[in-house]
Structure formats: structure tokens, C-alpha cells
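Engineer: sequence first, predicted coordinates after that:
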Amino acid sequence: MRIAEFDYHLPKELIAQCAVEPRDSARLLVLERKTGALHDARFYEIGNWLVPGDLLVLNDTRVLPARVFGKVGSGGNMEFLLLRRVDNNGVWEVLTRPARKARTGTVVEFDGYQAEVRERKPEGVRVVKFTPPDISPLLERKGELALPPYIRERCENPDRYQTVYARVPGAVAAPTAGLHFTPELLNKLCASGIEVATITLHAGLGTFRPVKVDKVEEHRMHPEEFEVSDLTAERINQARAEGRRVVCVGTTAVRALEAQAERTETGFRVKSGRGETGLYIYPGYEWKVTGALITNFHLPKSTLLLLVCAFASRELIMKAYEHAIAQRYRFYSFGDAMLIV
């Protein structure tokens, strides 16, 4: 497959620069895979397409204020975008700006902290070691959210780039499908018989990397840290055994569950565990546990667009995107939502 097949034109004015208030007032486009039918709604109406017994799987990652600014000993400023903590001894993978100054051995000063560049890796990634190793106080004092480059306006309320159920710090980018939920909406869904479980997947470099190769199959995902608890795995497997639907909130939840799915004599089951996954989902993928998907509208030629096309077919997704553009839906991280059933 050619990545050019997953391109589309989006008017710039449809790129959402800020989130709507309240969260659940965002628009919702519902796509039925079996019939190709499209329905325009509001997110607070999502319960109309869910049924008692559905299991919503939320990603409870919390976005780090991962952008910090320091000074190089030889003079000049240096920006770090923290991508992934390698260990508990202060070693991180980062992107640097300007990259040319981040040579091996370079030391950067950050408000009482030092970071030494230890290694250069592909895609502009640097491995650095912070001293002291616990940089939580630095991030709390000086860190800024790393909003995607297509958001040009400053986020006046950083909590708006966190889900209301964000709990485990570690992500660089928010699991944006979950930004539409409010506590009241979640309570309403639970009262109607919808169940909720959580996983953790810390979105990192893969979120920022475009697909640069011509052939879809040649792209490689950057690994991201995840955890599926014993309780969540048990609840998912029980739901599937009872014929109930697993509804993933966001592509990050999809990747965590599909990465932990293993084949058995009777089908697939999800195993608990933690680690890293570089699972890359594109059309032709054999789906294992995901029964429905809540997601946002994604960038052209992105791995996220490939994933939703794998779930619903390229033809249906492109039809849905054409409809969304014609109806002036808002796109990308702070934009509107889709429910694919």
C-alpha cells in the first residue's frame, strides 16, 4: 500500500486551536461499519449508541509538562522535549532544539539540574542523563505542555489537555479521544449499565512521527510504555466471554489491548502485564479484541489514520472524513470525535 492513498485535504480553519466547553459538547460523528451509515450528534449523546454491558476502556495516562528550556555551557539556549524515561536513574530519551548543539558530552543547565548528552540515536533522538535524577520538581516548576505544532494558540488552561481521569504521569501527548468525557457523562453512562476499565499507555514519539516512507508496510513505530492490570485483563476477557462489546476510547487503548491479546483455542484473550509496544496497525490487520472505537479526526498520512482505516476500511473512513469536512467538524487534538461501531 502507498501512504499517498491515505491523504486528504483539510482547510486550515478546521484545525481546532482550542477545546470546546463543556467538554462533552463537542460534535460526534457516528460511523456504522456494517451499513456505512453516518449520524451527526453531540458527544453527550454517545450513550444512544452504547448498550448496557459495553465495556469502555480508558487510557489513564497523565501528560507530563515535558518541554523544558535550559542553557548550554558554551552559551546559548537549548530546548528539551522529554519523550521517554529510560530508567529511574535520570536517563531519558529527548528531542532537542537546536539539534546541532546537542553533541555527545554536551551539558545543559536547567534551574539547578544538569543534563549530559550520552548518545545520539536516529530520528533526532538524544539519550541524556539528568543530575539529580528525579526531575519531577523541575517539571513542576519549569515544564510546559508540548502541544502539537498545528496548535498555534497558547493553552491557557493546561488541565484542558488532560482527561478528567488522568492518573499516571508519563505521556508526552494526550489520549485526545478521552478529552470529551466529563465526570457527569461517565457517571450517567455507568448508571445506564455501561462498565469502565482502565489501561495505561504513555503516548510518546510515535505520536509526533509522520509516515515518511512511501510504502505503508515499511514504517516502524517508536515503542511506548504501557500497563494492563490483572483486573482490567480479567474484566475484558469476561466481557468477551459473555458476548459483550469492548469499546476502546482512543487509539492508545486499542494498541495496549491488541498488543496484549493472545490466541487461544476459543479465540483471543488479553493478558495482563507491562512493558513497551511498537504495535503498528494498518489495513489488513487481524483484529483481536476491539469491538468499537471512540477517536478523534486524524492527520493525513498518519499512523492514527491508518489504524482507523484498518478498523473500518479506507473507503468508509474517507467517506466519513469528506462528510466531516463538508459539515465543518473540528479536526485533530482539540477537535470533535468519531464513534466507529
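Structural biologist: Great, that's in hand.
Engineer: any regions of this structure where pLDDT drops low?
Structural biologist: Counting by pLDDT under 70, the low-confidence segments of the chain come to 74, 205-209.
Engineer: could you pull out the helices for it?
Structural biologist: Using DSSP state H, the helices of the chain run over residues 136-142, 183-191, 205-208, 230-241, 251-259, 303-312, 314-326.
Engineer: comparing those, which stretch has the densest surroundings?
Structural biologist: Counting by mean count of other C-beta atoms under 10 Å, helix 251-259 has the highest mean neighbour count of those, with a mean of 27. Heads up, the C-betas are built off the backbone N, CA and C, glycines and all.
Engineer: by how many degrees do that one and helix 230-241 diverge?
Structural biologist: Computed by axes from the mean of the first three to the mean of the last three C-alpha atoms, to 10 degrees, the angle separating helix 251-259 from helix 230-241 equals 80 degrees.
Engineer: which residues are in contact with helix 251-259?
Structural biologist: The set of residues that contact helix 251-259 without belonging to it, under C-beta atoms under 8 Å, 6 or more residues apart in numbering, is 57-59, 61, 175, 177, 199-201, 203, 224, 226-228, 236, 246, 248, 270, 277, 279, 281, 287-290, 293, 295, 304, 307-308, 311.
Engineer: give me the buried subset of these.
Structural biologist: Neighbour-count burial (16 or more other C-beta atoms under 10 Å) applied to these gives 57-59, 61, 175, 177, 199-201, 203, 224, 226-228, 236, 246, 248, 270, 277, 279, 281, 288-290, 293, 295, 304, 307-308, 311.
Engineer: doesn't Trp92 make contact with Phe130?
Structural biologist: Yes. The criterion here is C-beta atoms under 8 Å, and Phe130 meets it with Trp92 at 6.8 Å.
Engineer: returning to that earlier point: closest to Glu13 out of the helices of the chain?
Structural biologist: Evaluated with C-beta to C-beta, the helices of the chain place helix 314-326 nearest to Glu13, the distance being 10.8 Å.
Engineer: if we can go back for a sec, out of the buried ones among the contacts of helix 251-259, list just those in strands.
Structural biologist: Taking DSSP state E as the definition of strands, these contribute 57-59, 61, 199-201, 224, 226-228, 246, 248, 270, 277, 293, 295.
Engineer: end to end, how far does stretch 284-304 reach?
Structural biologist: 15 Å (C-alpha to C-alpha, to the nearest Å).
Engineer: now it: how far from the chain's centre is it?
Structural biologist: A distance of 11 Å separates the C-alpha centroid of stretch 284-304 from that of its chain, computed with C-alpha atoms, centre = their mean, to the nearest Å.
Engineer: can you check stretch 274-294 too?
Structural biologist: A distance of 13 Å separates the C-alpha centroid of stretch 274-294 from that of its chain, computed with C-alpha atoms, centre = their mean.
Engineer: stretch 44-58 now?
Structural biologist: If you compare the mean C-alpha spot of stretch 44-58 with that of the full chain, they lie 20 Å apart, counting by C-alpha atoms, centre = their mean.
Engineer: only the C-alpha atoms, please, for it, written as CSV.
Structural biologist: Once side chains and other backbone atoms are set aside, the C-alpha atoms of stretch 44-58 remain, and they are given as CSV (Å, rounded to 0.1, in the frame of the first residue of the first chain):
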residue,chain,number,x,y,z
TYR,A,44,-23.0,13.9,25.3
GLU,A,45,-25.4,11.8,23.2
ILE,A,46,-22.9,8.9,22.9
GLY,A,47,-25.0,6.7,25.1
ASN,A,48,-27.5,6.4,22.3
TRP,A,49,-25.0,4.1,20.5
LEU,A,50,-23.8,2.2,23.5
VAL,A,51,-25.7,-0.6,25.2
PRO,A,52,-25.8,-2.0,28.8
GLY,A,53,-22.9,-4.3,29.2
ASP,A,54,-20.5,-2.4,26.9
LEU,A,55,-17.1,-2.1,28.5
LEU,A,56,-15.4,1.3,27.9
VAL,A,57,-11.6,1.0,28.1
LEU,A,58,-10.0,4.3,29.1
